[in-house]
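K.L.:
Provided below for reference: sequence and predicted model.
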Amino acid sequence: MSRDHVIAPHRHAAGPEGGYGVPGPEGRLTAAIALEGVGKSYNTTGASPAVRALDDVSVTFGRATFTAVMGPSGSGKSTLLQCAAGLDRPDAGRVRVDGTELGPLSEKELTEFRRERIGFVFQAFNLLGSLTAAQNVGLPLRLAGRRPDRRAVREALAQVGLAGREEHLPSQMSGGQQQRVAIARALIAKPQVVFADEPTGALDSGSGRTVLEQLRTLVDVQGRTVVMVTHDPGAASWADRVLFLADGRIRDELHGAGAQRIAERMAALEPARAHGTPERPAADGTGSPR
Ligand SMILES: Nc1ncnc2c1ncn2[C@@H]1O[C@H](COP(=O)(O)OP(=O)(O)OP(=O)(O)O)[C@@H](O)[C@H]1O
């Protein structure tokens, strides 16, 4: 067994489920997220040739696992995340999240499903500047027509290390603190799955590390499933598993790998950029747990 496939002891074993985590029928039903033959093309009606952003992607994400998705620019990472999270509809294949098949849902049902069952964390935090931390955290519930429970909001903020910051505005907080408010907001509806798109992309090293620790805790302590798109091998090394995309397909995966190994595998996918480029060390700043 190579070092890449040794899962760090404190981690939940995503388990090599075979071909990019594709299990048998039973596993497909129990996985937190399952994509089966998912394809997505853009500009299929225009004059210029269509872009095949995702090409027959089948992959599962087990419960209580942390997966990082990497790949060169344009390889389909964001499209994969958007299709898996019901933010976009694939034009082929099936997506199942937390036991629900997304394809048959109407737009309204899909919106409700996302609001109730999926947490989102984006690079740009997307907090409303005129609302306090507590109001931002409670916003998804208000949008769903529910009154946020003050204790639940306080607990969500405490879970991300922001107890006592309830009344602070985003402008009174650091980038890392704002991103942790965004994580608390993602958790308020108690979703089983959380999707994060470059959550540390706008943060300095220390703040990035704190955010990654929070995401790790969601998985290890709370048993949630996290899927994170990142360009940073250091950030990816916090995950149980790293998927590598190129040209809309999953080309490879590593389990329990350190930043150096992940950077090497990325370089192999980016021959043009890797050529003549010094080996990228641990991280853009988020450090590595290994
Ligand atoms: N709305 C869109 N319209 C047309 N083409 C799109 C659209 N969104 C993505 N694409 C194309 O689909 C392909 C995959 O894009 P995607 O954003 O998923 O890649 P990515 O790996 O996330 O890239 P990056 O790392 O640069 O964010 C690219 O060729 C991109 O140009």
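P.N.:
Arrived safely, thanks for sending.
K.L.:
report the buried residues of the helix or strand harbouring Val211.
P.N.:
Assessed by DSSP states H and E, Val211 sits inside helix 205-220. Residues Ser207, Gly208, Arg209, Thr210, Val211, Leu212, Gln214, Leu215, Arg216, Leu218, Val219 are the ones in helix 205-220 that count as buried (16 or more other C-beta atoms under 10 Å). Glycine gets a C-beta too; all of them are placed from N, C-alpha and C.
K.L.:
after that helix, next one along is what?
P.N.:
Per DSSP H and E, the first helix or strand lying C-terminal to helix 205-220 is strand 225-229.
K.L.:
beyond that next one, next helix or strand please.
P.N.:
Following strand 225-229 in sequence order, the next helix or strand is helix 233-236 (DSSP H and E).
K.L.:
which ones are touching Gln135?
P.N.:
By C-beta atoms under 8 Å, 6 or more residues apart in numbering, the residues touching Gln135 are Leu128.
K.L.:
also the one 3 residues further on?
P.N.:
By C-beta under 8 Å, 6+ apart, the contact set of Gly138 is Pro148, Val153, Ile188.
K.L.:
the first one against Val137, yeah?
P.N.:
If I follow you right, that is Pro148. Yes - contact criterion C-beta atoms under 8 Å: Pro148 and Val137 qualify, at 7.4 Å.
K.L.:
now the helices for the stretch 51-200 of the chain?
P.N.:
77-84, 107-117, 133-143, 150-159, 175-187 (DSSP state H, counting those that start in this stretch).
K.L.:
for the ligand, which of those helices is the nearest?
P.N.:
helix 77-84 (3.3 Å; C-beta to the nearest ligand atom).
K.L.:
hmm, the closest one touching the ligand?
P.N.:
Yes - contact of helix 77-84 with the ligand (C-beta under 6 Å from any ligand atom) involves Lys77, Ser78, Thr79.
K.L.:
would you confirm that the second one contacts Phe195?
P.N.:
No - taking contacts as C-beta under 8 Å, Ser78 lies outside contact range of Phe195: 10.4 Å.
K.L.:
so for those two, which residue has more residues nearby?
P.N.:
Between Ser78 and Phe195, counting by other C-beta atoms under 10 Å, Phe195 is the more crowded of the two (28 against 16).
K.L.:
next up, the contacts around the more buried one.
P.N.:
With C-beta under 8 Å, 6+ apart, Phe195 has these contacts: Leu81, Ala84, Ala85, Ile118, Gly119, Phe120, Val121, Val226, Val227, Met228.
K.L.:
now those residues in JSON lines, with neighbour count and pLDDT?
P.N.:
What follows is the contacts of Phe195, written out as JSON lines (neighbours: other C-beta atoms under 10 Å; pLDDT from 0 to 100):
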{"residue": "Leu81", "neighbour count": "19", "pLDDT": "95"}
{"residue": "Ala84", "neighbour count": "27", "pLDDT": "96"}
{"residue": "Ala85", "neighbour count": "22", "pLDDT": "94"}
{"residue": "Ile118", "neighbour count": "21", "pLDDT": "93"}
{"residue": "Gly119", "neighbour count": "26", "pLDDT": "91"}
{"residue": "Phe120", "neighbour count": "22", "pLDDT": "91"}
{"residue": "Val121", "neighbour count": "25", "pLDDT": "90"}
{"residue": "Val226", "neighbour count": "27", "pLDDT": "96"}
{"residue": "Val227", "neighbour count": "25", "pLDDT": "97"}
{"residue": "Met228", "neighbour count": "25", "pLDDT": "96"}
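K.L.:
out of the residues you listed, flag the one nearest to the ligand.
P.N.:
Using C-beta to the nearest ligand atom, the contacts of Phe195 come closest to the ligand at Leu81, 7.8 Å.
K.L.:
does that closest one touch Val227 like I think?
P.N.:
Yes - contact criterion C-beta under 8 Å: Leu81 and Val227 qualify, at 6.6 Å.
K.L.:
what do these two both touch?
P.N.:
Counting by C-beta under 8 Å, 6+ apart, the residues touching both Leu81 and Val227 are Val69, Phe195.
K.L.:
the closest residue to Leu143 other than its chain neighbours: how many residues sit nearby?
P.N.:
Leaving out its chain neighbours, the residue that sits closest to Leu143 by C-beta to C-beta, 6 or more residues apart in numbering is Arg115, at 6.6 Å. By other C-beta under 10 Å, 16 other residues sit near Arg115.
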